[in-house]
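Colleague: Return a 3D structure for these sequence lines:
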Amino acid sequence: MGLGADRIILMVASFVLLAIPTLAMHSGPAALNSNDELTVEYGCSCHNNGAPSDRAVVMITGVPLMYEVSKTYNFTITVADSLTLSGGNGNSRAGFLLSSNATGEFTWDPTEEIRQALDRPDDISHSDTDDDGVWMISWMAPNEDVGPVQFWLAGNSVDGGGIPDEMDYWNLLSFSINSPGAISDTESASTLETRTISVGTYDALFLLEKSPEEIEQERQDEISERVFFAGNRFFWTSLVALIIGAVLQKEILERRPDQRGPEYLAVELAYPQGFRRAVFSAVSFFFATRWMASESPITFQGVDFSGFLTGTAFFVGFWAAYGVYRTVLSARQDPNPGDIM
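Modeller: This next block holds a predicted model:
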């Protein structure tokens, strides 16, 4: 009995030890790796057998060449699998760790799922692995000239399996921001602008060339879309033209000497009918003008129906208004003996 209990305790302890790295990585890496080195500077020792990989693209945008005292700069961090970036079936979740060696101050919106790094409160990290691998942060420069500021950025692209294995990739990026006055104001404007710094597979970053099959598929999709919209435009334009033509023909024929016009409609019936049609026309025109003025598309299953719905609403509004006109004509008709009976 004692031997069985010992085995159970050993199994539980082994499970807990195996789960510790997974839980730690899920909410951000620890400050030190298994070699007691700073993770943000020397990398992770658990993912991808402890080796960096060019498949992990780590990028940061909005970095100035030179900081101004107490000024706030907006950075965008991007971490992704290069295979996913190039259209392949790669990892889709990511995390990061950023350090300025306690120089300046990081801030972020609460919705960004960012927190202070474990055991290093001046560094920041993800609070949960992210689906798009994009985080927006702000960095306020120190309130005095402290010389160049060095940054370290570590990012990992993971498969979401919950286990730090060889299918998870990480990479490191380091850069510095010059101190105030290091670059003269006479330098060109392009020199003083912010920059994008990245590391990872070069092809995935800059040479995302499309295969002949992808180019042909895009061409076929463009032709299909053009034919579809052209056919729809021709169909609805023809239908509206036929309806208008039929209405005009009826109006002309009713005005012939041998025709007495529209059928008689009693006043007690004309009023509610005309009111209903007038309200329906006003509501249709309201939605039509609202949709036409709105910049937000009306989509269903990825298809934009804004133009179709706007045109339909205008047509229904005009048709209901025409119905009001017909109601008035019918109410003005003189009743014949058959109508009175």
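
Colleague: any idea which element residue 175 lies in?
Modeller: strand 169-177 (DSSP states H and E).

Colleague: Tell me which residues are up against that strand.
Modeller: In this structure, residues lying in contact with strand 169-177 by C-beta atoms under 8 Å, 6 or more residues apart in numbering are 40-44, 47-48, 52-60, 63-67, 81, 91, 141, 148-158, 197-200. All C-beta spots, glycine's among them, are computed from the backbone N, C-alpha and C.

Colleague: and the residues you listed, which are buried?
Modeller: Buried by 16 or more other C-beta atoms under 10 Å: 40, 42-44, 47-48, 52-53, 55-60, 63-64, 66-67, 81, 91, 141, 149, 151-158, 198-200, out of the contacts of strand 169-177.

Colleague: so of these, which ones are in strands?
Modeller: Among the buried ones among the contacts of strand 169-177, DSSP state E puts 56-60, 63, 81, 149, 151-158, 198-199 in strands.

Colleague: hang on, the earlier thing: list the buried residues in the strand holding residue 175.
Modeller: For strand 169-177, by 16+ other C-beta under 10 Å, it's 169, 170, 171, 172, 173, 177.

Colleague: is it possible to export those to a markdown table including pLDDT and distance to residue 289?
Modeller: Putting the buried residues of strand 169-177 into a markdown table (pLDDT from 0 to 100; distance: C-beta to C-beta, whole Å) gives the following:
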| residue | pLDDT | distance to residue 289 |
| --- | --- | --- |
| 169 | 87 | 52 |
| 170 | 86 | 54 |
| 171 | 88 | 53 |
| 172 | 88 | 56 |
| 173 | 89 | 51 |
| 177 | 94 | 51 |
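
Colleague: Which one of those residues is nearest to residue 113?
Modeller: residue 170 (18.7 Å; C-beta to C-beta).

Colleague: Listing request: residues of this structure with sub-threshold pLDDT.
Modeller: For the chain, the stretches with pLDDT under 70 are 1-31, 33-36, 43-50, 161-165, 185-192, 202-211, 214, 301-302, 337-341.

Colleague: Next up, phi/psi of residue 195, please.
Modeller: Backbone torsions of residue 195, given as degrees, to the nearest 10, read phi -140, psi 170.

Colleague: Beta-bridge partners for it, please?
Modeller: Residue 195 forms beta bridges with residue 63, as assigned by DSSP bridges.

Colleague: That one is in contact with residue 66, isn't it?
Modeller: No - if you go by C-beta atoms under 8 Å, residue 195 and residue 66 don't touch, sitting 11.1 Å apart.

Colleague: Pull the number of nearby residues for residue 75.
Modeller: 20 (other C-beta atoms under 10 Å).

Colleague: Next, the contact list for the residue lying closest to it once chain neighbours are set aside, please.
Modeller: Take residue 75 and drop its neighbours on the chain: the residue closest to it by C-beta to C-beta, 6 or more residues apart in numbering is residue 62, 4.8 Å away. Residue 62 sits next to 73, 74, 75, 76, 194, 196 when contact means C-beta under 8 Å, 6+ apart.

Colleague: Select the longest helix from the chain.
Modeller: Using DSSP state H, we find that the single longest helix of the chain is helix 212-254.

Colleague: Quick one: distance of that helix to the chain centre.
Modeller: What separates the centre of helix 212-254 from the centre of its chain is 31 Å, taken as C-alpha atoms, centre = their mean, to the nearest Å.

Colleague: which is the next helix or strand following it?
Modeller: helix 267-293.

Colleague: Can you give the strand pairings for whatever helix or strand comes next after that following helix, parallel or anti for each?
Modeller: Counting by DSSP H and E, the next helix or strand C-terminal to helix 267-293 is strand 299-300. Strand 299-300 has its sheet partners listed here by DSSP bridges as strand 303-304 (antiparallel).

Colleague: just checking, what packs against the next helix or strand after the strand it pairs with?
Modeller: Next helix or strand after strand 303-304 toward the C-terminus (DSSP H and E): helix 306-332. Packing partners of helix 306-332 (3 or more C-beta pairs under 8 Å, 6 or more residues apart in numbering; DSSP states H and E): helix 212-254, helix 267-293.

Colleague: between the first one and helix 306-332, how many degrees?
Modeller: Pointing back at helix 212-254 there. Orientation check (axes from the mean of the first three to the mean of the last three C-alpha atoms, to 10 degrees): helix 212-254 against helix 306-332 gives 10 degrees.

Colleague: What segments of the stretch 51-200 of the chain are helices?
Modeller: 82-85, 189-192 (DSSP state H, counting those that start in this stretch).

Colleague: Could you export the strand holding residue 175 as PDB, CA atoms only?
Modeller: What follows is strand 169-177, C-alpha atoms only, in PDB (Å, rounded to 0.1, in the frame of the first residue of the first chain):
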ATOM      1  CA  TYR A 169      10.100  29.400 -32.500                       C
ATOM      2  CA  TRP A 170      11.700  32.400 -30.900                       C
ATOM      3  CA  ASN A 171      14.100  35.200 -31.900                       C
ATOM      4  CA  LEU A 172      15.800  38.200 -30.400                       C
ATOM      5  CA  LEU A 173      16.100  41.800 -31.400                       C
ATOM      6  CA  SER A 174      18.100  44.600 -29.900                       C
ATOM      7  CA  PHE A 175      18.400  48.300 -30.800                       C
ATOM      8  CA  SER A 176      19.200  51.600 -29.300                       C
ATOM      9  CA  ILE A 177      17.800  55.200 -29.400                       C
END
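
Colleague: Cheers, nothing more for now.
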